[in-house]
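could you look at this predicted model? Sequence included:
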Amino acid sequence: MMPVRMLRHKFGAVRTVKDGISFPSKAEARFYDELVMRQKGGDVLFFLRQVPFHLPGGVRYVVDFQVFHSDGRVRFIDVKGLETPEFITKKKLVEALYPVEIEVVK
């Protein structure tokens with residue numbers, strides 16, 4: 001019987017499960033925990049995960065979180081350990097095409 005090889009993420013991210021949700025990295029799972037606590041505290045009304053933006057050429061950009069605050073603010077947040085050139089390009093394109101600003105949390 002052949003041994004099973006564990007595949008490593010190309011940037012070293014470790015998949016993490018919280019509340020039955022699988023996150024691609026520990027950092028994203030920690031940010032989720034923070035949002036849950038802020039929601040219990042009343043600062044955050046609710047939040048969405050994996051929100052897609054459709055770009056020209058059939059390309060999609062998926063932001064990690066869309067956060068709705070109790071004061072009316074709406075934030076789009078991407079949790080990144082490393083900002084790749086592809087990410088930077090897509091982020092700029094989304095911000096040019098849509099009336100949003102994507103915040104990067106490290």
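Structure received. None of the values given here were measured: they were computed from a predicted structure.

other residues contacting stretch 58-72?
By Cβ atoms under 8 Å, 6 or more residues apart in numbering, the list of residues contacting stretch 58-72 from outside reads 28, 31-32, 35, 42-55, 74-79, 90-91, 93-94, 102. To be clear about C-beta, it is placed using only N, CA and C from the backbone, and glycine gets the same treatment.

select only the buried ones of these in ChimeraX?
To isolate in ChimeraX the members of these that are buried, counting by 16 or more other Cβ atoms under 10 Å, one can use:
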select :28,31,32,35,44,47,53,75,76,77,78,79,90,91,94,102
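
keep only those of the contacts of stretch 58-72 that are in helices.
Judged by DSSP state H, helices contain the following of the contacts of stretch 58-72: Glu28, Phe31, Tyr32, Leu35, Lys90, Lys91, Leu93, Val94.

for the residue lying closest to the fifth one once chain neighbours are set aside, grab the count of nearby residues.
Once its chain neighbours are removed from consideration, Lys90 has its nearest residue in Tyr61; the separation is 4.4 Å (Cβ to Cβ, 6 or more residues apart in numbering). Using other Cβ atoms under 10 Å, the number of residues around Tyr61 comes to 20.

what's the pLDDT at Tyr61?
On the pLDDT scale, Tyr61 is placed at 95.

phi and psi next, for it.
Backbone torsions of Tyr61, given as degrees, to the nearest 10, read phi -120, psi 130.

tell me the bridge partners for it.
Phe53 (DSSP bridges).

now it: how far from Ser25?
17 Å (Cβ to Cβ, to the nearest Å).

all strands of this structure, in order?
Using DSSP state E, the strands of the chain run over 16-18, 21-23, 44-55, 59-69, 74-79, 102-105.

identify the residues contacting the closest residue to Phe31 other than its chain neighbours.
Of all residues not flanking Phe31 in the chain, Val79 sits nearest, at 4.9 Å (Cβ to Cβ, 6+ apart). By Cβ under 8 Å, 6+ apart, the residues touching Val79 are Ser25, Ala27, Glu28, Phe31, Asp64, Phe65, Val104, Val105, Lys106.
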